[in-house]
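S.K.: Could you look at this predicted model? Sequence included:
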Amino acid sequence: MTNVDFEAFDIDANIVNCLAFIANNSGFDSGGSTSGVANPAVYLGQLKFVQMTYNFMASNRTDSNVIEIAALTGPQKTGLSNQDGVWITGNFIYSYNPSTASGIQLDKGTIARRNVYITENQFTNLANGVSVLSPVNYSTFRGNYGASITGQLFNFNAPGDSSFLGTSLDDNKSPNAIPIYTVVAGGGLVTGF
Amino acid sequence: MNLKKLIAFFELLLLLLASAGTVAAAQTAANTAGQATNSGSLGTARVQERRSFNPNSTTHYTTGMMPSTAIKAAEYGALRNGINDDTAAIQAAVNGLSVVSGGVGLAGPPAMGSGTVELPQGRCEISSPIILMNYGSLIGSANGTWITPKEPWQSSNTDMVEDFFCPHRSRRWRQQLRLGAVQRLDSGRKLSLYARAYGIHQRGHLVF
């Protein structure tokens, strides 16, 4: 999908049971706007191969995540049946109202996603840039920027010694007096700066 | 007539003869192969190489002409004026992809679009989500293509059941979904959150 702006839906994009969803240069604006519940602007359910690059994504509520990525509901499989591969790169991720929520939340779970790239995004007006509440292995969080962030740019909270096995975090920045990252629970994370 | 003009005349003559031969050969080949006639309002036919659009299909083209895989939502009636309900038109265009892509019906479930729906500049009001299919594309205009919700919002029960189809879940569970309430999985199998309206929805029939 390219050059299309979705505005003011409860969920601008609800991507479920998805194979190869690619959104480029599009807008997902004012998500979570009309219902009484804190829905995200973009919801990524069970999926294989998702790329979201150079989009504008924003939530309207003070408690809405901008992007939510569902926890895996079953064990990873081999070959094409696995759920590896999420790229979220170069997006502007924003809350119209200073939010208590996160720009990206990987929902709470116990099974690791793999090859998740969250790179070169700008997060603005949020509590956390990225909340990682489920295990993520062999992944990269690099080159992100957080402005008007009140919590931390990255919050890792997935119990387990190898929750973040082979996952690297580096080159992320914020002008705010906040921690760039906090590991509440989980091990294996390789940090740069 | 001097020598240069004479040479130029013969070169032109040879060129004309070669062109005529190519056209005749192409017509003969097309007639021999029994080239299919494109149907519908596909005014953008173009030449593509011989290949199957559906990787699961064993159907291959034997001729060079096939319908374009780009269709315009405007041709299906999308007005993009910010007033009319364009849901049906856009969805028809998206659904049309699975019919016209490659010029043949695609074999086997699920139906797959493998082309592009073009949305020109404008504001499209929709009253139920646009359902994308695997391999289909939606492309707006760089000058601005907006999609916004229109009241009253509608969504069909069938859509919701399809949205959450997943083979490892029980039929009983799926039947718990209710019209008017789009529920989704959050963590594990816990149902949580409620969304009345969403703009775009990609659904599949994947076995994880």
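M.R.: Thanks, I have it. All values reported here derive from a predicted model rather than from experimental measurement.
S.K.: Mind checking what helix or strand follows the particular helix or strand that has residue A:182 in it in sequence?
M.R.: Using DSSP states H and E, residue A:182 falls within strand A:181-185. Sequence order places strand A:189-191 as the next helix or strand after strand A:181-185, per DSSP H and E.
S.K.: Tell me the neighbouring strands of that next one, and mark each as parallel or antiparallel.
M.R.: Next to strand A:189-191 in the sheet, as set by DSSP bridges, lie strand A:167-170 (parallel).
S.K.: still on that earlier bit, export the strand holding residue A:182 as CSV, just CAs?
M.R.: C-alpha atoms of strand A:181-185 as CSV (Å, rounded to 0.1, in the frame of the first residue of the first chain):
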residue,chain,number,x,y,z
TYR,A,181,16.4,1.9,27.7
THR,A,182,15.3,0.0,30.7
VAL,A,183,15.3,-3.7,31.1
VAL,A,184,12.7,-4.6,33.7
ALA,A,185,12.9,-8.3,32.9
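S.K.: Show me what it is in contact with.
M.R.: Residues outside strand A:181-185 that contact it (Cβ atoms under 8 Å, 6 or more residues apart in numbering or on different chains): A:152-160, A:163, A:169, A:172, A:189, A:191. Yep, even glycine has a C-beta here, placed from its N, CA and C like the rest.
S.K.: What average pLDDT does it get?
M.R.: The pLDDT scores in strand A:181-185 average 96.
S.K.: re the thing from before, now the contacts of strand A:181-185 as TSV including neighbour count?
M.R.: Listed next are these as TSV, based on neighbours: other Cβ atoms under 10 Å in any protein chain shown:
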residue	neighbour count
A:152	22
A:153	25
A:154	26
A:155	20
A:156	26
A:157	16
A:158	22
A:159	11
A:160	14
A:163	23
A:169	25
A:172	25
A:189	20
A:191	15
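S.K.: out of those, which one sits closest to chain B?
M.R.: Lowest distance from chain B to those (Cβ to the nearest Cβ) belongs to residue A:158, with 12.0 Å.
S.K.: my read: the closest one touches residue A:137, true?
M.R.: No. Contact between residue A:158 and residue A:137 fails when scored by Cβ atoms under 8 Å: they sit 10.4 Å apart.
S.K.: which neighbours do those two share?
M.R.: residue A:164.
S.K.: The contacts of strand A:181-185 in helices, which ones?
M.R.: Counting by DSSP state H, none of the members of the contacts of strand A:181-185 fall within helices.
S.K.: taking those one by one, which sit in strands?
M.R.: A:154-157, A:169, A:189, A:191 (DSSP state E).
S.K.: Any buried residues in the strand holding residue A:182, and which?
M.R.: By neighbour count on 16 or more other Cβ atoms under 10 Å in any protein chain shown, the buried set for strand A:181-185 is A:181, A:183.
S.K.: re earlier: with pLDDT as extra columns, can I get the contacts of strand A:181-185 in JSON lines?
M.R.: Listed next are these as JSON lines, based on pLDDT from 0 to 100:
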{"residue": "A:152", "pLDDT": "96"}
{"residue": "A:153", "pLDDT": "97"}
{"residue": "A:154", "pLDDT": "97"}
{"residue": "A:155", "pLDDT": "97"}
{"residue": "A:156", "pLDDT": "97"}
{"residue": "A:157", "pLDDT": "97"}
{"residue": "A:158", "pLDDT": "97"}
{"residue": "A:159", "pLDDT": "97"}
{"residue": "A:160", "pLDDT": "96"}
{"residue": "A:163", "pLDDT": "97"}
{"residue": "A:169", "pLDDT": "96"}
{"residue": "A:172", "pLDDT": "96"}
{"residue": "A:189", "pLDDT": "95"}
{"residue": "A:191", "pLDDT": "91"}
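S.K.: quick check, nearest of those to residue A:146?
M.R.: residue A:153 (4.2 Å; Cβ to Cβ).
S.K.: Report all helices and strands that the helix or strand bottoming out on mean pLDDT in chain A contacts.
M.R.: Using mean pLDDT, DSSP states H and E, strand A:18-24 stands out as the lowest-scoring helix or strand of chain A, at a mean of 81. Packed against strand A:18-24 by the contact rule (3 or more Cβ pairs under 8 Å, 6 or more residues apart in numbering or on different chains; DSSP states H and E) you find strand A:47-53.
S.K.: what angle separates the strand it packs on from strand A:18-24?
M.R.: Relative orientation of strand A:47-53 with respect to strand A:18-24: 0 degrees, computed using axes from the mean of the first three to the mean of the last three Cα atoms, to 10 degrees.
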